[in-house]
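Undergrad: Build me a model from this:
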Amino acid sequence: MREKNFTSNEIIKYAWTATTKNFWLLLLTVIIVFLIYYIGIFLSTHFFAGPLAIIPLAYLIFEVGVWVGLVKFLLKLSRGEKAEIKDLFTAFNYLPSYVIASVLYILIVDVGLLLLIIPGIIWAIKYLFFSFLIVDENLSPIEALKRSGEITKGAKWRIFVLLLVLLVINFIGGVFAGIGLLVTIPLSWMSIVHVYNILKGTKSLPEEADKSIETAPIEPE
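TA: Numbers count the residues shown, from 1 in each chain. Alright, predicted model coming up:
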C-alpha cells in the first residue's frame with residue numbers, strides 16, 4: 001500500500017504558510033484558549049474546597065470542551081473551510097467520547113512508560129490522533145484509538161522527529177518572555193493537523209504549500 005510520505009521540513013513549510021495566511025485568526029484563538037486555561041488555574045486555586053469546589057469542576061468540563069472545539073477549528077482551517085472562533089464552543093457533543101479516550105490514552109502511555117519508557121513513547125505517537133478522529137469521523141473512544149493506530153502505522157518515526165522539531169521551535173519561541181509562542185504555537189497546531197490530514201489522505205490547504213509532498217511508500221518501522 002502506498003501512502004503520502006512527509007518530512008519535518010515539508011510539514012513546517014506548509015504550517016508556516018498556513019499560519020501566516022491566517023495569522024490574526026490563529027493569534028486570537030491562541031489568546032482565547034490560553035485565557036480560558038489560566039482562568040481555570042485561578043478558579044482551581046481559589047475554589048478548591050467546600051461547596052464552591054463545584055465551580056472549578058464545572059469550569060474544567062467547559063475548558064476540555066473548548067480544547068475539543070479547537071480540534072474542530074483546526075480541521076476546518078486546514079481544509080480551507082470557514083473556521084470561526086465560535087467553533088471552539090460548538091464541539092461539546094464530542095466531550096464524553098473525548099474524555100473516555102483521553103483516560104484510556106493516558107493509561108496506555110503510562111503503562112508503556114513503566115515498560116522501560118520506549119513503549120510509552122511509541123504508544124503515545126501511535127494513538128496521538130484519537131481526538132481528531134473523534135471529531136472528524138465521530139468515532140467511539142475505542143474506535144478512535146484503534147483508527148489512530150492504523151493511520152500512524154509506518155509513520156511513527158517521522159512523527160517523532162517532527163514532534164522533537166516542534167519542541168525545539170516552541171522552546172526558542174518561549175525564550176524571550178514567551179512572545180514567540182504566539183507564533184510557534186499556531187505553527188505547531190497547523191503542523192500536527194497537516195500530518196493528520198496526510199495520514200488520512202485528506203487534502204490540506206493552501207494547496208501551494210502541499211505540493212512539495214510527494215506520494216511515496218512508507219518505510220517499515
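
Undergrad: how much space between Ile122 and Ile142?
TA: 19 Å (CB to CB, to the nearest Å). (Each C-beta comes from the backbone N, C-alpha and C, glycine too.)

Undergrad: ok, those two, which is more surrounded?
TA: Ile122 (17 against 13; other CB atoms under 10 Å).

Undergrad: secondary structure class for the more buried one?
TA: Three-state assignment for Ile122 (DSSP: H, G, I helix; E, B strand; the rest coil): helix.

Undergrad: From what I see, it and Trp157 are in contact.
TA: No. Counting by CB atoms under 8 Å, Ile122 does not reach Trp157; the two are 9.8 Å apart.

Undergrad: What's the per-residue pLDDT of the nearest residue to Val165 once chain neighbours are set aside here?
TA: Nearest non-adjacent residue to Val165, counting by CB to CB, 6 or more residues apart in numbering: Ser8, 4.7 Å away. We have a pLDDT of 93 for Ser8.

Undergrad: I'd like to know how many residues surround Ser8.
TA: Neighbours of Ser8 (other CB under 10 Å): 18.

Undergrad: Could I get the contacting residues of it?
TA: Contacts for Ser8 (CB atoms under 8 Å, 6 or more residues apart in numbering) come out as 158, 161-162, 165.

Undergrad: Give me the buried subset of the residues you listed.
TA: Neighbour-count burial (16 or more other CB atoms under 10 Å) applied to the contacts of Ser8 gives 158, 162, 165.

Undergrad: Remind me which helix or strand the first one belongs to.
TA: In the assignment (DSSP states H and E), Arg158 maps to helix 156-175.

Undergrad: name the helices or strands packed onto the helix or strand following that helix?
TA: Once the chain leaves helix 156-175, the next helix or strand it forms, by DSSP H and E, is helix 181-200. Applying 3 or more CB pairs under 8 Å, 6 or more residues apart in numbering; DSSP states H and E, one finds that helix 181-200 makes contact with strand 3-4, helix 8-21, helix 23-46, helix 54-78, helix 130-137, helix 141-151, helix 156-175.
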